[in-house]
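**Student:** The following block contains a protein sequence and its predicted model.
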Protein chains: 2
Amino acid sequence: MFQMPTKYVFGKDSHKGIGELVKPYADKVLLVYGGGSIKRNGLYDDVIASLKAQGVDYMELSGVQANPRYEKVLEGIELVKKENLQLVLAVGGGSVIDTAKAIAMCIGSGDVWACFSAGAKLEAALPVATILTIPAAGSEVSPDAVISYKGRKLGFSSQKIRPVVSVVNPDIFKTLPKNQIANGVCDMMSHIFERYFTQTQHTDLIDSLAEATLKTIMRNALLLMRNPADYEAWTEVSLAGSVAHNGFLGCGRVQDWGCHAMEHELSAQDEKVAHGAGLAVLTPAWMRYVYSENPKMFYQFAVNVMDIKPDRDEEKVILAGIDKLAAFFKSLGQPNSLQELGFSLNAPLEKMAKKCSGEGFVGNFKPLYWKDVLSIYKACL
Amino acid sequence: MFQMPTKYVFGKDSHKGIGELVKPYADKVLLVYGGGSIKRNGLYDDVIASLKAQGVDYMELSGVQANPRYEKVLEGIELVKKENLQLVLAVGGGSVIDTAKAIAMCIGSGDVWACFSAGAKLEAALPVATILTIPAAGSEVSPDAVISYKGRKLGFSSQKIRPVVSVVNPDIFKTLPKNQIANGVCDMMSHIFERYFTQTQHTDLIDSLAEATLKTIMRNALLLMRNPADYEAWTEVSLAGSVAHNGFLGCGRVQDWGCHAMEHELSAQDEKVAHGAGLAVLTPAWMRYVYSENPKMFYQFAVNVMDIKPDRDEEKVILAGIDKLAAFFKSLGQPNSLQELGFSLNAPLEKMAKKCSGEGFVGNFKPLYWKDVLSIYKACL
């Protein structure tokens, strides 16, 4: 099943129409954002002007940080209830959007955290609108949110929290620092990898769409590394970031999500680890560990995505593809070992692996029990 | 702007869940279909059983034909009003779905035809659900309908008539005759061409997604010509038919639609002309007529889609690509001239060209005034 109900508005200056876009849903909204960058670059002023022009009133919740916390969600819920707000407008990246989604859940659940921690049913949610400031997480088009609370980082998914409106203006991204560009690129590529590598057979069309999206991201990411203000490259990368995570590339196939699970333990262990950087370290190691479960799929990846020359020696082609991907991540300035991520040789890898897989396994391409996860972590040392 | 609100349900036996899918919208529906084929292949019985299992009552409107007529729409509207029906369920191809959409418009407009003929505003529409029986028109995911009345064949477009639910079960298509397969394939390829060939610059990602979709259609269409019961090939072709027309491949670019406009005059002139067959004749001729307006785009098409070897002689590559496309259409059993379509050398081509372009032009890649349309028609003799 596929559905993409979000009204996805893309292009230069598109954020200036936000007032008109949210007006059908609300006369009074909660505006959620992170630090002060949107005030420095003029985005905040544009948004307020657009809301005011449409007579849309607003309250503000600022200070959302990376790995967003439930405490901030509770602050937002209090504002929503006290002020009877009708829509949550996120202006930010994945953390801000996920916070907005969790706040929006308050009208459909007496205890929002219970949805995350215990899968409590969500009956309804306020509409969520977004203006994207960092292309990476894909939260602008997804039904998912990830929130941290009391040492746990948990996800929740429901069509009810999928944004009703998302605005993507590539012009906004040109002031992003290179490490954020690189982390975003690795995250969106991983969103495709997690869907692409599958044991499901006969997936030609979506395979080829995934391959085309990956190649577009890689080609344009290199342009952005040279010139972060390249508007045209941003149009490709930011649109691809939404395509990577709107769900279509996962249709009709068993998805993996092993690397995301393994990475969450890295960030949980050390909050300074950026999600995209963790994925850049883990992904090539995961590939080398699992490819023999279905070499055909990795051969296809090497040839179609990494442009490795076809050869009868299947394994040579596969390994060349993985090496080339690792070299690409390095060319973005990403680390390629746990040490470069900041871990010491004494990091509690076994404990982390057990926390990751629990009694069962993560991933589907090859089910990864804790010993498998540990092997992959060790291969990253 | 992109939005795909249709709940798109794909897979073997998926049609058996139709009762559950429409139940949230309606207790009583209008079931619209064409001839008796759905009774012969068991689809009708499955649908009725599923509706009954959910306690969904239904009235029937059958006998919708190709190039669907407004008279049939009026019959449906009468039933909807008399029986207070709450949803229109189309079980068929584009003609049946377009008829269902036009019927659904009756609650939002006092005179549905005025929407088609005079662009009257549509305030609301009943929800439409579909079970696809012929992959071709893409109406299962589009906001468009085309209806004929009093010698005119007119289109109308509104998000309000976009299906809320569409079910695609590739298993249903295996009894389609080869000419219908070929016509469907040409129609869906044209839906991509009309978007792909553009003067808009910097469209990398969507270009490459369009190219991947075209290649998947062509590769699998040839499999279906050999074995129309090839389920796996049908999964690729039918999913691609929806991707071709759900709107995403047209985002952010000026679209063309010249070939569709020129083909509508062929079908209007002779009702026996199948839309897909008309497009197969016109498309290569259109390409030869317009490529010099932006040779880079046609060179890209030749190399990336038609697998022509890159060469410094740009024109040679372009023409080889077009020739190879024409040969592909021929390999599907399509005609490649107006005569083979059934037109005589005395066909009123000038009159048709003038009716097509009117005082203005059709198409955007190169605006086609009536003299241009006439030149293309003549090139098809």
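**Tutor:** Everything's here; your move.
**Student:** ok, A:P5 to chain B distance?
**Tutor:** 4 Å (Cβ to the nearest Cβ, to the nearest Å). From N, CA and C alone the C-beta is placed, and that goes for glycine too.
**Student:** and that residue, helix, strand or coil?
**Tutor:** Under the three-state scheme (DSSP: H, G, I helix; E, B strand; the rest coil), A:P5 adopts strand.
**Student:** Next up, the contacts around it.
**Tutor:** A:P5 sits next to A:159, A:162, A:164, B:3-5 when contact means Cβ atoms under 8 Å, 6 or more residues apart in numbering or on different chains.
**Student:** Show the buried residues in the residues you listed.
**Tutor:** By neighbour count, with 16 or more other Cβ atoms under 10 Å in any protein chain shown, those hold A:162, A:164, B:3-5 as buried.
**Student:** tell me the two of those that are most distant?
**Tutor:** The span of those, defined through Cβ to Cβ, is set by A:V164 and B:M4 at 13.6 Å.
**Student:** residues in the stretch 151-300 of chain A within reach of chain B, list them.
**Tutor:** Contact residues, the stretch 151-300 of chain A versus chain B (Cβ under 8 Å from any Cβ of the partner chain): A:202, A:204-206, A:208-209, A:211-213, A:215-216, A:219-220, A:232, A:235-236, A:239-240, A:243, A:251-252.
**Student:** so who does the most centrally placed residue in chain A touch?
**Tutor:** In chain A, the centroid-proximal residue (Cα atoms, centre = their mean) is A:A137; its distance is 2.0 Å. The contact partners of A:A137, by Cβ under 8 Å, 6+ apart, come to A:93-95, A:97-98, A:187, A:245, A:275.
**Student:** what does A:Q339 give?
**Tutor:** A:345, A:381.
**Student:** same deal with the one 10 residues further on?
**Tutor:** Under the criterion of Cβ under 8 Å, 6+ apart, the contact partners of A:L349 comprise A:374, A:377-378.
**Student:** Now tabulate the buried ones among the contacts of A:P5 in TSV and tack on pLDDT and distance to A:Y289.
**Tutor:** Formatted as TSV, the buried ones among the contacts of A:P5 follow (pLDDT from 0 to 100; distance: Cβ to Cβ, whole Å):
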residue	pLDDT	distance to A:Y289
A:R162	97	34
A:V164	98	41
B:Q3	91	40
B:M4	92	36
B:P5	93	40
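**Student:** which SS state does the residue nearest to A:R152 when sequence neighbours are not counted fall under?
**Tutor:** Computed as Cβ to Cβ, 6 or more residues apart in numbering or on different chains, the closest residue to A:R152 that is not its neighbour in sequence is A:S117, at 7.1 Å. Secondary structure state of A:S117, per three-state DSSP, is helix.
**Student:** Surely A:S117 touches A:K153?
**Tutor:** No - the pair A:S117 and A:K153 does not pass the contact test of Cβ atoms under 8 Å, sitting 11.1 Å apart.
**Student:** quick one, strands of chain A?
**Tutor:** Here chain A has its strands, by DSSP state E, at A:2-10, A:28-33, A:57-61, A:87-92, A:128-132, A:144-149, A:152-157, A:165-168.
**Student:** To A:E75, which of the ones you listed lies closest?
**Tutor:** Across these, A:E75 has its closest neighbour in strand A:57-61 (6.1 Å, Cβ to Cβ).
**Student:** tell me what the closest one is packed against?
**Tutor:** Applying 3 or more Cβ pairs under 8 Å, 6 or more residues apart in numbering or on different chains; DSSP states H and E, we find strand A:57-61 packed against strand A:28-33, helix A:43-53, helix A:70-83.
**Student:** Distance check, A:V32 against A:G155.
**Tutor:** For A:V32, the distance to A:G155 equals 19 Å [Cβ to Cβ, to the nearest Å].
**Student:** cool, A:M59 as well?
**Tutor:** 27 Å.
**Student:** The two: which is more packed in?
**Tutor:** Between A:M59 and A:G155, counting by other Cβ atoms under 10 Å in any protein chain shown, A:M59 is the more crowded of the two (15 against 12).
**Student:** Contact partners for that one?
**Tutor:** With Cβ under 8 Å, 6+ apart, A:M59 has these contacts: A:28-31, A:79, A:83, A:85.
**Student:** Include pLDDT, neighbour count and distance to B:D13 when you put those residues into a markdown table, please.
**Tutor:** Shown next, in a markdown table, are those (pLDDT from 0 to 100; neighbours: other Cβ atoms under 10 Å in any protein chain shown; distance: Cβ to Cβ, whole Å):
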| residue | pLDDT | neighbour count | distance to B:D13 |
| --- | --- | --- | --- |
| A:K28 | 98 | 16 | 47 |
| A:V29 | 98 | 27 | 43 |
| A:L30 | 98 | 25 | 44 |
| A:L31 | 98 | 25 | 46 |
| A:L79 | 97 | 17 | 47 |
| A:E83 | 97 | 14 | 49 |
| A:L85 | 98 | 24 | 44 |
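**Student:** Among these, which one sits closest to B:V112?
**Tutor:** Closest to B:V112, out of all of the contacts of A:M59 and judged by Cβ to Cβ, is A:V29, at 36.8 Å.
**Student:** Could you list the domains of chain A?
**Tutor:** Following the assignment in automatic domain parsing, chain A carries domains at A:7-171, A:176-379.
**Student:** in chain A, what spans have low per-residue confidence?
**Tutor:** Scanning chain A for pLDDT under 70 picks out no residues.
**Student:** Pull the number of nearby residues for A:H191.
**Tutor:** A:H191: 26 surrounding residues under other Cβ under 10 Å.
**Student:** make that A:R312, sorry
**Tutor:** Using other Cβ under 10 Å, A:R312 has 6 neighbouring residues.
**Student:** how close does it sit to chain B?
**Tutor:** As for A:R312, its distance to chain B is 22 Å (criterion: Cβ to the nearest Cβ).
**Student:** Since that was my last question, I'll sign off now.
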